[in-house]
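Asker: Need a 3D model of the following:
(one chain, ligands or ions: 1)
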Amino acid sequence: MVFCYFCRMKKNEIVLSGIRPTGNLHLGNYFGAVKNFVKMQETNECYFFIADYHSLTTHPHPDNLQGNVRQVLIEYLAAGLDPEKATLYLQSDIPETAELYLFLNMNAYLGELERVTTFKEKARKQPNNVNAGLLTYPTLMAADIIIQKADKVPVGKDQEQNLEMTRTYARRFNNMYGVEFFPIPTAFNFGEALVKIPGLDGSGKMGKSEGEANAIFLNDDPKVIRKKVMRAVTDSGPTEMNQEKPDPIQNLFTLLNVVSTPDVVEYFDDQYNKCTIRYGDLKKQLAEDIVAFTAPFTERIKELSADDDYILKVMNMGAEKARANAQKTLREVREIIGFRKIY
Ligand code: TRP
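Answerer: The predicted structure is shown next:
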């Protein structure tokens with residue numbers, strides 16, 4: 001058995017993950033997930049898709065659905081996903097997923113679906129639109145995963161319960177029809193390799209729900225980056241030598257750690273420990289290093305945005321591969337259940 005040097009995952013395992021088509025990529029997404037996707041595509045058979053069907057559970061009338069999906073795809077390509085190495089596609093380009101979703105729904109129970117935390121949260125947020133798609137979000141997610149017979153699903157903590165449901169539905173299908181057909185996928189989080197990127201507001205993690213100013217997007221203009229960093233929360237400075245850094249300050253150092261060189265980090269750390277630090281200087285350096293870090297992404301995003309033919313080609317390539325694989329699964333599923341052969 002050959003294991004990946006970075007993540008100790010078996011090299012023949014199939015990796016799959018879905019990406020919500022909301023908003024632009026920020027540094028938190030990049031260091032928390034995308035960077036690892038980029039590594040995994042080197043060692044494993046990977047499927048990454050944009051979950052546009054799922055977006056209807058919360059946004060039934062999306063405006064500019066195709067524009068949003070395209071932008072997400074462009075940003076992931078700019079961040080290093082390579083259509084020659086991984087299968088990149090749109091969920092809605094694989095309508096076989098909807099058929100598998102229907103089959104899985106026949107063996108999914110109201111009680112278990114109602115207990116899912118993300119369902120309860122969303123139902124609370126949109127009390128006038130507690131639709132059946134929202135309730136069966138986990139069966140659609142299960143269909144996404146098992147239609148490609150994935151083994152490993154890199155997801156954040158918030159998706160672990162949904163993944164547990166996928167395991168339940170895969171097992172239930174196998175038991176119901178007395179087959180060992182679907183692999184039982186496992187959630188994969190990167191452990192050590194996972195860098196949690198803090199926001200600029202002094203508290204928790206970087207995210208767009210915390211407000212625009214809290215997150216730095218790969219596509220942000222240098223002017224915007226400088227402004228956001230200069231406004232980041234700090235305090236009145238250390239009063240004792242070598243004192244522990246409070247969260248807002250530690251956050252700036254965490255950011256510095258991922259974008260600056262070790263000697264820069266060491267310099268400011270030293271200044272902090274000696275109580276001679278000037279936050280203004282730290283922020284200026286941090287802003288310039290973020291600008292330098294994001295510049296190649298911004299450039300690539302611009303190039304890709306101008307290349308309609310290439311983007312279309314990427315979408316078609318991914319759809320073709322993912323769909324062929326999905327049809328193979330569905331052909332077998334229909335046979336297992338007892339339907340006529342149509343694929
Ligand atoms: N539910 C995931 C999220 O909110 C997106 C998603 C949809 C997904 N289908 C998936 C993730 C399949 C992993 C595998 O982020």
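Asker: Tally up the residues packed near the residue of the chain found nearest the ligand, please.
Answerer: Closest contact between the chain and the ligand, by CB to the nearest ligand atom, is at G18 (2.7 Å). Yep, even glycine has a C-beta here, placed from its N, CA and C like the rest. G18 is flanked by 21 other residues according to other CB atoms under 10 Å.
Asker: Tell me the secondary structure at it.
Answerer: strand (DSSP: H, G, I helix; E, B strand; the rest coil).
Asker: In contact with the closest residue to it other than its chain neighbours, which residues?
Answerer: Using CB to CB, 6 or more residues apart in numbering and skipping residues adjacent in sequence, the residue nearest G18 is A51, 4.2 Å away. A51 makes contact with 18-21, 91, 144, according to CB atoms under 8 Å, 6 or more residues apart in numbering.
Asker: and if you look at L77?
Answerer: 83, 88, 300, 304, 314.
Asker: That one: what secondary structure?
Answerer: Quick answer, by three-state DSSP: L77 is helix.
Asker: Quick check: residues of the stretch 101-250 of the chain near the ligand?
Answerer: Residues of the stretch 101-250 of the chain that fall close to the ligand, judged by CB under 6 Å from any ligand atom: 141, 144-145, 153, 155, 159, 162.
Asker: Which one (most neighbours) among those residues?
Answerer: Result: I145 is most packed of these (other CB under 10 Å), 29 neighbours.
Asker: Return the list of helices and strands in contact with the helix or strand containing it.
Answerer: Taking DSSP states H and E as the definition, I145 sits inside helix 137-147. The criterion is 3 or more CB pairs under 8 Å, 6 or more residues apart in numbering; DSSP states H and E, and the helices and strands that helix 137-147 contacts are strand 14-19, helix 52-55, helix 96-106, helix 117-125, helix 160-176, helix 308-337.
Asker: hang on, the earlier thing: considering only the contacts of L77, which also neighbour the ligand?
Answerer: Of the contacts of L77, not one also sits near the ligand (CB under 6 Å from any ligand atom).
Asker: Turn the residues you listed into CSV, including secondary structure and pLDDT.
Answerer: CSV is the format used below for the contacts of L77 (DSSP: H, G, I helix; E, B strand; the rest coil; pLDDT from 0 to 100):
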residue, secondary structure, pLDDT
P83, coil, 98
L88, strand, 98
R300, helix, 98
L304, helix, 98
V314, helix, 98
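Asker: From the residues you listed, keep the buried residues only.
Answerer: 83, 88, 300, 304, 314 (16 or more other CB atoms under 10 Å).
Asker: Between all of those, which two are separated the most?
Answerer: Greatest spacing in these, by CB to CB: L88 and R300 (15.2 Å).
Asker: where does Y89 land in three-state SS?
Answerer: strand.
Asker: What of L256?
Answerer: Going by three-state DSSP: L256 is helix.
Asker: Hmm, it is touching D289, no?
Answerer: Yes: L256 is in contact with D289 according to CB atoms under 8 Å; the separation is 7.2 Å.
Asker: the more surrounded of those two?
Answerer: The residue with more neighbours, out of L256 and D289, is L256; 21 against 18, by other CB under 10 Å.
Asker: what's next to the helix or strand encompassing V265, contact-wise?
Answerer: Using DSSP H and E, V265 sits in helix 262-273. For helix 262-273, the surrounding residues in contact (CB under 8 Å, 6+ apart) are 238, 241-242, 245, 249, 253, 256-257, 277-278, 281-282, 285, 289.
Asker: Residue ranges in the stretch 1-150 of the chain under the pLDDT threshold?
Answerer: 1-8 (pLDDT under 70).
Asker: Using the record's domain definitions, break the chain down for me.
Answerer: 3-187+308-337, 212-302 (automatic domain parsing).
Asker: Return the most buried member of these.
Answerer: Scoring the domains of the chain by mean neighbour count under mean count of other CB atoms under 10 Å gives domain 3-187+308-337 as the most buried, with a mean of 18.
Asker: hmm, back to that, so can I have a markdown table of the contacts of helix 262-273 showing distance to H59?
Answerer: As requested, those are exported to a markdown table (distance: CB to CB, whole Å):
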| residue | distance to H59 |
| --- | --- |
| P238 | 46 |
| M241 | 53 |
| N242 | 50 |
| K245 | 40 |
| I249 | 38 |
| F253 | 37 |
| L256 | 37 |
| N257 | 36 |
| I277 | 45 |
| R278 | 45 |
| D281 | 43 |
| L282 | 40 |
| Q285 | 40 |
| D289 | 36 |
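Asker: any chance of these in a markdown table, plus distance to K125, pLDDT and secondary structure?
Answerer: Formatted as a markdown table, the contacts of helix 262-273 follow (distance: CB to CB, whole Å; pLDDT from 0 to 100; DSSP: H, G, I helix; E, B strand; the rest coil):
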| residue | distance to K125 | pLDDT | secondary structure |
| --- | --- | --- | --- |
| P238 | 41 | 96 | coil |
| M241 | 47 | 96 | coil |
| N242 | 45 | 96 | coil |
| K245 | 35 | 96 | coil |
| I249 | 33 | 96 | helix |
| F253 | 34 | 96 | helix |
| L256 | 35 | 97 | helix |
| N257 | 35 | 95 | helix |
| I277 | 41 | 97 | coil |
| R278 | 43 | 97 | coil |
| D281 | 42 | 97 | helix |
| L282 | 38 | 97 | helix |
| Q285 | 40 | 98 | helix |
| D289 | 37 | 98 | helix |
